[in-house]
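Trainee: Build me a model from this:
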Amino acid sequence: MSIVASHQPEPQDAHGCAYVNGAFIPLAEAQIPMLDRGFVRSDATYDVTHIWKGHFFRLDDYIARFYASMAGLRMEIDESPAELRELILQAARHSGLEDAYVQMTCTRGVPPTGSRDPRMCKNQLSLFVQPFVWISRPEQQETGLKMVVAKTPRIPSEAVDQRIKNFHWLDLTRGIFEAYDQGADVAVHPSIHGGLTEGAGFNVFCLKGRTLSTPATGIFEGMTRRTVIELAPSHQLDVEVGRVNAEQLYDADEVFLTSTAGGVMPVREIDGRPVGTGRPGPITLALRKAYWDLHSDPQYSTPLTGAAAT
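Mentor: Sure thing, here's the model as predicted:
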């Protein structure tokens, strides 16, 4: 299956739209205060959904997860889920984009002068829409990605709960450099407890026979990961959510990554070793097609035109 982006009309602002301080503005003009703890302390949470061919995918699920992340960090915003949903739809319409990456963010806010008490901050909502962001572009997915197992461990969930989407990316950024230094595209990080976790913005799956395996802990539980787990039974696949080791990746018939920023992405090589035949495998390609097909399913899809808040 080839993934072809839909036609992109000329947006009102070519680089996207933002919603900040109660107003829709061009993304290039969006700002947050320098003293916001989201900037100076990484004291923030966010979530990312996307628009594909003029339709949001699992929009309400992404919004629900965003509110769960805020609750986990003892944050709250004035907007209800229905109000946030309408703001997201309005921002998307302002952008004029049909394929887009949409981020909603809650920062802790600015503390009173002389205070470092997070309880004294007014939490702040912002969001933005920009052209679709890819971990692996469609043409790259035709041959598959090169991946390495990073030496840098993932921040343990005992310190920062990875089930809450956060800006603590310095370990992931080190992994990105590790991959590039070895001529690869991406890196998956080990856990300090053993086994593997995730990479920069993606979850990992490996296939052996008819069983898909994916890490259970030390990860952000991605929406694309959830979708693949839900799709597995219809493809006669079992799913094991548990510990996954590097050796399982080396021995796998197929390996793929999942992310909002690219969907289901084949991996053809790990640490210089070919995965299976060294080409994207048939199960990976079938799941990739099924994932993108769901974008036109009314159960999962919200059109930009005529969509109302619920």
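
Trainee: mind checking the end-to-end distance for stretch 138-146?
Mentor: End-to-end distance of stretch 138-146: 15 Å, with CA to CA, to the nearest Å as the criterion.

Trainee: what about the helices in this structure?
Mentor: In the chain, helices defined by DSSP state H lie at 37-40, 59-72, 81-95, 138-141, 170-181, 223-231, 246-251, 282-293, listed in chain order.

Trainee: Of all those helices, which one is nearest residue 216?
Mentor: For the helices of the chain, distance to residue 216 was read as CB to CB. The smallest value, 11.0 Å, belongs to helix 223-231. C-betas here are computed from N, CA, C, even on glycine.

Trainee: counting contacts, what elements does that closest one pack onto?
Mentor: Packing contacts for helix 223-231, counted by 3 or more CB pairs under 8 Å, 6 or more residues apart in numbering; DSSP states H and E, involve helix 59-72, strand 203-208, strand 211-215, strand 254-259, strand 263-270, helix 282-293.

Trainee: how about the shortest one as CSV, C-alpha atoms only?
Mentor: Only the C-alpha atoms of strand 211-215 are listed here, as CSV (Å, rounded to 0.1, in the frame of the first residue of the first chain):
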residue,chain,number,x,y,z
THR,A,211,2.2,-13.4,17.8
LEU,A,212,2.8,-9.7,18.2
SER,A,213,4.9,-8.6,21.2
THR,A,214,5.2,-5.0,22.5
PRO,A,215,6.6,-3.6,25.7
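
Trainee: Can you list the buried residues in it?
Mentor: 212-215 (16 or more other CB atoms under 10 Å).

Trainee: same question for it, mean pLDDT?
Mentor: Averaged across strand 211-215, pLDDT comes to 98.

Trainee: Count the neighbours of the nearest residue to residue 129 once chain neighbours are set aside for me.
Mentor: Leaving out its chain neighbours, the residue that sits closest to residue 129 by CB to CB, 6 or more residues apart in numbering is residue 95, at 4.2 Å. By the criterion of other CB atoms under 10 Å, residue 95 has 27 neighbours.

Trainee: what about residue 95, distance to residue 127?
Mentor: Using CB to CB, to the nearest Å, residue 95 is found at 11 Å from residue 127.

Trainee: Which stretches in the stretch 1-150 of the chain count as strands?
Mentor: Taking DSSP state E, counting those that start in this stretch, the strands of the stretch 1-150 of the chain run over residues 17-20, 23-26, 44-52, 55-57, 100-107, 124-131, 145-149.

Trainee: what pairs with the fourth one, and is each one parallel or antiparallel?
Mentor: The sheet places strand 55-57 alongside strand 44-52 (antiparallel), strand 301-303 (antiparallel), with pairing taken from DSSP bridges.

Trainee: Can you pull out the residues in contact with that strand?
Mentor: 49-51, 88-89, 92, 102, 294-296, 300-304, 307 (CB atoms under 8 Å, 6 or more residues apart in numbering).

Trainee: swap the cut-off to 6 Å and go again
Mentor: 295, 300-303 (CB atoms under 6 Å, 6 or more residues apart in numbering).

Trainee: Among these, which pair sits farthest apart?
Mentor: 300 and 303 (11.7 Å).

Trainee: neighbour count winner among these two?
Mentor: Taking other CB under 10 Å, residue 300 and residue 303 do not tie; residue 300 has more neighbours (18 against 13).

Trainee: can you list the buried residues of strand 211-215 in a markdown table and add distance to residue 22?
Mentor: Listed next are the buried residues of strand 211-215 as a markdown table, based on distance: CB to CB, whole Å:
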| residue | distance to residue 22 |
| --- | --- |
| 212 | 44 |
| 213 | 46 |
| 214 | 40 |
| 215 | 40 |
